[in-house]
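> What follows is a predicted protein model with its sequence.
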Amino acid sequence: MNTKPLVYIVGAGPGDPDLLTVKAQRLIMDAETVVYDLLVSKEILNLIPAGAARIFAGKAARNHHMKQDEINDLLVSLYRSGRKVVRLKGGDPFIFGRGSEEALYLAKHNIPFEVVPGITASAGCAAYAGIPLTHRDLASGVRFITGHRRDGKALDLNWKSLADPETTLVVYMGLTNVREISRELITAGLPAGTPAGAIHRGTTDQQHTVITTLADLPDCVEREDIKAPALLVIGKVVKLSENLSWFGDHDATDFEAHG
């Protein structure tokens, strides 16, 4: 059994502390140092032992408290200090969580690490909003995409490939470019009336879900003052939230009235 200290790259899930894995909870409660991101909920941070060091490394679009290179170096330094380190990340570390970059950096420096998966925002938030990402009659697949590019670069996505009415699209970090996303998907052939939704702070007591159409999504997000963190879900399955929604505030378009 390896008794040397490790760096644990741990997924904290989308916010609800009850969605932590048993392993994630055990590691958090046994940590000596926790380096955590912006989206880790207060309830989860409260599990950190009183004597453990807490280091905030939060990042949001265009607003980085700590740059990624600095985080990478910090993890190496903390490991070499001989402390048990938990790198705590919202959702799942390997799904738009930069966990792979941190793991590669640790591997490059011959530092032992473990990756603890977490419930990704797409699965957790959609489930709490009553949106099944796949459905036998409505969606044969699901695609996860990022709606944000580094340094304000344009979204260079294969819109034609994404505009598949049989596939559910889940867009991480898409609020800033929601108008471009809506416009490009419609131009590429996805019907303007395709159901679409935005989920703010999914799985938490602040969850607010708006359900509308792809064409109306940008105006709806603006009108409802949806702020980050939020997830966009686009596809026919979104309409099922009319019947399956069970958690949080929920505003939905009357699809029948809109044809």
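Right, received. Where do you want to start?
> Need the distance between the two termini of stretch 33-46.
14 Å (CA to CA, to the nearest Å).
> Now that stretch: buried residues?
Going by neighbour count (16 or more other CB atoms under 10 Å), the buried part of stretch 33-46 is 33-41, 44-45. Quick note: C-beta positions are derived from backbone N, CA and C, even for glycine.
> Just give the nearest non-adjacent residue to residue 228, would you?
residue 175 (5.5 Å; CB to CB, 6 or more residues apart in numbering).
> For the one you found, pull up the helix or strand it's in.
For residue 175, there is no enclosing helix or strand under DSSP states H and E.
> What separation is there between residue 245 and residue 202?
12 Å (CB to CB, to the nearest Å).
> between the two, which one's more packed in?
Between residue 245 and residue 202, counted using other CB atoms under 10 Å, the more crowded position is residue 202 (26 against 18).
> The more buried one and residue 13 touch, don't they?
No - contact status for residue 202 versus residue 13: not in contact, 10.4 Å apart, counting by CB atoms under 8 Å.
> Need the overlap of contacts for those two.
residue 124 (CB atoms under 8 Å, 6 or more residues apart in numbering).
> Could you identify the helix or strand that succeeds the helix or strand of the chain with the lowest mean pLDDT?
Across the helices and strands of the chain, mean pLDDT, DSSP states H and E gives its lowest value to strand 63-64, namely a mean of 52. Next in sequence after strand 63-64, counting helices and strands by DSSP H and E, comes helix 68-80.
> so what secondary structure elements neighbour that following helix?
Secondary-structure packing of helix 68-80 (3 or more CB pairs under 8 Å, 6 or more residues apart in numbering; DSSP states H and E): strand 7-11, strand 33-36, strand 85-89, helix 99-108.
> Run the angle between it and strand 7-11 for me.
130 degrees (axes from the mean of the first three to the mean of the last three CA atoms, to 10 degrees).
> Which residues does helix 68-80 contact?
With CB under 8 Å, 6+ apart, helix 68-80 has contacts from 5-7, 33, 35, 55, 57, 59, 66, 85, 87, 98, 101-102, 105-106, 109, 111.
> which stretch among the helices and strands packed on helix 68-80 comes nearest residue 224?
Within those, the stretch nearest residue 224 is strand 85-89; the backing value is 27.7 Å (CB to CB).
> Each with direction, which strands does the closest one pair with?
The strands that strand 85-89 pairs with in its sheet are strand 7-11 (parallel), strand 33-36 (parallel) (by DSSP bridges).
> Run through who's touching stretch 106-123.
Taking CB under 8 Å, 6+ apart as the rule, stretch 106-123 contacts 2, 4, 6-14, 19-21, 23-24, 27, 75-76, 79, 89-95, 99, 103, 133, 142, 144, 170, 172, 202, 229, 231, 233.
> Weed out the non-buried ones from those.
6-14, 19-21, 24, 27, 75-76, 79, 89-95, 99, 103, 133, 142, 144, 170, 172, 202, 229, 231, 233.
> For the residue positioned nearest the centre of the chain, report the pLDDT, please.
The centre of the chain sits closest to residue 121, judged by CA atoms, centre = their mean, with a distance of 4.0 Å. Predicted confidence (pLDDT) at residue 121: the value is 95.
> One more: the one 10 residues further on?
With respect to pLDDT, residue 131 scores 98.
> doesn't residue 236 make contact with it?
No - at 10.6 Å, residue 131 does not count as touching residue 236 under the criterion of CB under 8 Å.
> and the two? which has more neighbours close in?
Under the criterion of other CB under 10 Å, the comparison of residue 131 against residue 236 puts residue 131 first, with 27 against 17.
> which residue ranges form the strands in this protein?
Applying DSSP state E to the chain gives strands spanning 7-11, 33-36, 53-56, 59-60, 63-64, 85-89, 113-116, 141-146, 167-172, 195-200, 208-213, 230-234, 249-252.
> Using a markdown table, please lay out those strands together with distance to residue 220.
A markdown table is the format used below for the strands of the chain (distance: least, CB to CB, whole Å):
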| stretch | distance to residue 220 |
| --- | --- |
| strand 7-11 | 30 |
| strand 33-36 | 32 |
| strand 53-56 | 33 |
| strand 59-60 | 22 |
| strand 63-64 | 25 |
| strand 85-89 | 29 |
| strand 113-116 | 36 |
| strand 141-146 | 20 |
| strand 167-172 | 15 |
| strand 195-200 | 7 |
| strand 208-213 | 4 |
| strand 230-234 | 11 |
| strand 249-252 | 8 |
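> Okay then, goodbye and thanks.
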